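**Student:** Have a look; sequence and predicted model below, questions after that.
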2 protein chains.
Amino acid sequence: MDLTDLETPALILDRTKLDRNVARMREHLTKLKVALRPHVKTAKSIDVLRRVLKDPPGGVEREPGGITVSTLKEAEYFFSNGVRDILYAVGMAPNKLLHIAELRRKGADVALILDSIEAANIVAAKGQELGVEFPALIEIDSDGHRSGIKPGDSMLLDIGGRLHERNGTQLRGVLTHAGDSSNCSSIDKIRALAERERAAVVQCAEALKRAGLPCPVVSVGSTPTATFAERMDGVTEVRAGVYMFFDLVMAGLGVCTLEDIALTVMTSVIGHQPDRNWIITDAGWMAMSRDRGTAKQRVDQGYGVVCDLAGKPIDDLIVAETNQEHGIVADRRGRPVDLARFPVGMLLRVMPNHACATAAQYSQYHVIAGEPVIEAVWPRFSGW
Amino acid sequence: MDLTDLETPALILDRTKLDRNVARMREHLTKLKVALRPHVKTAKSIDVLRRVLKDPPGGVEREPGGITVSTLKEAEYFFSNGVRDILYAVGMAPNKLLHIAELRRKGADVALILDSIEAANIVAAKGQELGVEFPALIEIDSDGHRSGIKPGDSMLLDIGGRLHERNGTQLRGVLTHAGDSSNCSSIDKIRALAERERAAVVQCAEALKRAGLPCPVVSVGSTPTATFAERMDGVTEVRAGVYMFFDLVMAGLGVCTLEDIALTVMTSVIGHQPDRNWIITDAGWMAMSRDRGTAKQRVDQGYGVVCDLAGKPIDDLIVAETNQEHGIVADRRGRPVDLARFPVGMLLRVMPNHACATAAQYSQYHVIAGEPVIEAVWPRFSGW
């Protein structure tokens, strides 16, 4: 099978780029002497994870540090595929505790995160009621972008003490996510944020230990900070996910180049509007996602960079606008386009703004290795 | 089962509102003496379609005019559920013709659309090769927002003649979609656009007939123009989809009120950031979609309007920001929020910007009828 045998839109994954991205991150973290706990929220595929883990042959080996998930559906799926060590890195919602307890009873070591006494009390009470011990990490806010307690907040020891002392919970450690790294305007700023991320969580781990509390896990992570961090002293694991595929937002930040982007959407030309210099395609926002993450970057890539079937960007063409199942391809500066070069039926490939959002629209990857020959079809899932 | 028994996020559909929205559109179009060809791209559910069709008991009756689809997956699914008359209303891509031919051979009357001689030639050639006649409608551009040929363009008769005369195709009619209606700043402007939509396509139908060509179908549609159209003379069918559920974009246009919105996302409070006046929830952009359709409207609703469990908006709370699986709920003007009213575990419901985009993130509707009791679970699908 060849890419030209598919119906469009279709999600194409270039395995050679995936493998290169995976190797680069592993090398970097090996140099920094820290374990990788890959985040599976982008790929949601055991076939992708097999290429990410250190010892893939013969099934999934247990990665030191395990995996990170963003939904319990991911936890269920990867556990059913042999992964035991699972960090559910979204603040705990009480209605998910029964599900986590069931997974733990089946043998999955699912840990959760929280950032308040209120949540710690709820988890402990539910653990006691169900007769399980929920391992919990305390979420630290290293950059003000979302959740967590500030380093230096005295609540840290209150929550830590509560988790450690009460039945129904265990204190597993501390965790932070420098999500603001996606808004950094330079590599230097990402580097500085990586150090701030590290320092914040290490400071909290030390405070817990000074108070006689256990803190076996000290966890940081985001693809930009993981890529540019220069030291990981005191950190036990790094979480990252989008680095496997990369995307235009990451390229805009300088975290990767366009050549590193492993994920594209293949689409067909379905028409033209000569007076507007538009090429109409069948990849709209449903196929690309509504993500406009490059809109606030130096180069706004619209809904994606338009490439030929070999994956090479064509001139300055972007998906300038979308409807549900239609893309409008145009020159990024509105200059004339030689529409005769793009006949009805021509296949194009579009690099997405945000791999997590685009991949979520598909139930499978069509896998290639550079050439447009399909070497595998890897299922993936979405939802909760 | 009750809403409080679910894990969050979950997609909630209020059937009483759905039924009211469906009845209102049907009444309006009955008054205008025109058939409805419901667009299933929003709901993608046979259970929803059963409530939309005129004679639902005992299975799906054939609606005069059939249904409209945006993907062949929709065509496959609804055909397997008894719907035969299917208009695939996205410009034809050559790699889909074999699939359409197979559906037609099985008995599905799938029609396609196109807007160029080039496409007409491709369809005719493929039809001859496969020994089928593809019924095709010519797409007319009534508002410059996307595809189609302009009313008055002499290409209309060339394409019409080609479709009528060549083997492998049939000329089924003309179609337009006033997609620009989602950008109108007043009801008067929507009303004017509805008339422009009607006039454009009727003018083209008359031109075809004057040239001795058949034009049995004259098709218009968009939820805003369908809602406010005052006449449908010369039109044989109206396509609309989002009116079944409605959403914040439609409310912002004045097409519905907040009370009409049948679709909400249920989410849990998972934390707080007191110094920012933020409530953190587990419904991020994956649960809401990245759609920011209200950003350009008079009232920017962020990623959604926050309601209590009964579906009533709470003060001025919106989902101000999102990460993949996190929502940040805040006052729309940044005013202080009494966070003690929103303890960890509290359930909220969020009205989405765009029902099509939000529903696409889920594999099922949890159906209620006003009260928070779940009366049914309706499966839905996404993808291609």
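**Tutor:** The structure has been received and is ready for your questions.

**Student:** and the longest helix anywhere in chain A, how far from the chain's centre?
**Tutor:** The helix that spans the most residues within chain A, counting by DSSP state H, is helix A:187-210. Centre-to-centre, helix A:187-210 and its host chain are 21 Å apart (C-alpha atoms, centre = their mean, to the nearest Å).

**Student:** Just the CA trace of it, in PDB.
**Tutor:** What follows is helix A:187-210, C-alpha atoms only, in PDB (Å, rounded to 0.1, in the frame of the first residue of the first chain):
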ATOM      1  CA  ILE A 187      15.900  29.400  23.900                       C
ATOM      2  CA  ASP A 188      17.600  31.300  26.700                       C
ATOM      3  CA  LYS A 189      14.200  31.800  28.400                       C
ATOM      4  CA  ILE A 190      13.300  28.100  28.000                       C
ATOM      5  CA  ARG A 191      16.700  27.200  29.500                       C
ATOM      6  CA  ALA A 192      16.000  29.600  32.400                       C
ATOM      7  CA  LEU A 193      12.600  28.200  32.900                       C
ATOM      8  CA  ALA A 194      14.000  24.600  32.900                       C
ATOM      9  CA  GLU A 195      16.300  25.600  35.800                       C
ATOM     10  CA  ARG A 196      13.400  27.300  37.600                       C
ATOM     11  CA  GLU A 197      11.300  24.200  37.100                       C
ATOM     12  CA  ARG A 198      14.100  22.000  38.500                       C
ATOM     13  CA  ALA A 199      14.900  24.300  41.400                       C
ATOM     14  CA  ALA A 200      11.200  24.700  42.500                       C
ATOM     15  CA  VAL A 201      10.600  21.000  42.800                       C
ATOM     16  CA  VAL A 202      14.000  20.100  44.300                       C
ATOM     17  CA  GLN A 203      13.500  22.800  47.000                       C
ATOM     18  CA  CYS A 204      10.100  21.200  47.800                       C
ATOM     19  CA  ALA A 205      11.600  17.700  47.900                       C
ATOM     20  CA  GLU A 206      14.300  18.900  50.300                       C
ATOM     21  CA  ALA A 207      11.700  20.700  52.600                       C
ATOM     22  CA  LEU A 208       9.700  17.400  52.800                       C
ATOM     23  CA  LYS A 209      12.800  15.400  53.600                       C
ATOM     24  CA  ARG A 210      14.000  17.900  56.200                       C
END
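
**Student:** average pLDDT across stretch A:293-304?
**Tutor:** Across stretch A:293-304, pLDDT averages out at 97.

**Student:** Can you name the secondary structure element that comes next after the longest helix of chain A?
**Tutor:** Next helix or strand after helix A:187-210 toward the C-terminus (DSSP states H and E): strand A:217-220.

**Student:** With adjacent residues omitted, what lies nearest to A:A89?
**Tutor:** Distance criterion C-beta to C-beta, 6 or more residues apart in numbering or on different chains; nearest residue to A:A89, sequence neighbours excluded, is A:T68 at 5.1 Å. No exception for glycine: its C-beta is placed from N, CA and C like everyone else's.

**Student:** again with A:T71
**Tutor:** A:W384 (5.2 Å).

**Student:** which stretch of helix or strand covers the one you found?
**Tutor:** Using DSSP H and E, no helix or strand contains A:W384.

**Student:** Check A:A136 too.
**Tutor:** strand A:134-140.

**Student:** Thought B:E7 was touching the residue nearest to A:T71, still the case?
**Tutor:** Yes. At 6.8 Å, A:W384 counts as touching B:E7 under the criterion of C-beta atoms under 8 Å.

**Student:** residues from the stretch 101-250 of chain A in reach of chain B?
**Tutor:** Applying C-beta under 8 Å from any C-beta of the partner chain, one finds that the stretch 101-250 of chain A approaches chain B through A:L114, A:D115, A:S116, A:E118, A:A119, A:I122, A:D141, A:G144, A:R146, A:S147, A:G179.

**Student:** List only those of those residues flagged as buried.
**Tutor:** A:L114, A:D115, A:S116, A:E118, A:A119, A:I122, A:D141, A:R146, A:S147, A:G179 (16 or more other C-beta atoms under 10 Å in any protein chain shown).

**Student:** In strands, which of these appear?
**Tutor:** A:L114 (DSSP state E).

**Student:** okay, the buried ones among the residues of the stretch 101-250 of chain A next to chain B in JSON lines with pLDDT and distance to A:G284 next?
**Tutor:** Listed next are these as JSON lines, based on pLDDT from 0 to 100; distance: C-beta to C-beta, whole Å:
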{"residue": "A:L114", "pLDDT": "98", "distance to A:G284": "39"}
{"residue": "A:D115", "pLDDT": "98", "distance to A:G284": "38"}
{"residue": "A:S116", "pLDDT": "98", "distance to A:G284": "41"}
{"residue": "A:E118", "pLDDT": "97", "distance to A:G284": "43"}
{"residue": "A:A119", "pLDDT": "98", "distance to A:G284": "40"}
{"residue": "A:I122", "pLDDT": "98", "distance to A:G284": "42"}
{"residue": "A:D141", "pLDDT": "97", "distance to A:G284": "37"}
{"residue": "A:R146", "pLDDT": "91", "distance to A:G284": "30"}
{"residue": "A:S147", "pLDDT": "96", "distance to A:G284": "33"}
{"residue": "A:G179", "pLDDT": "91", "distance to A:G284": "28"}
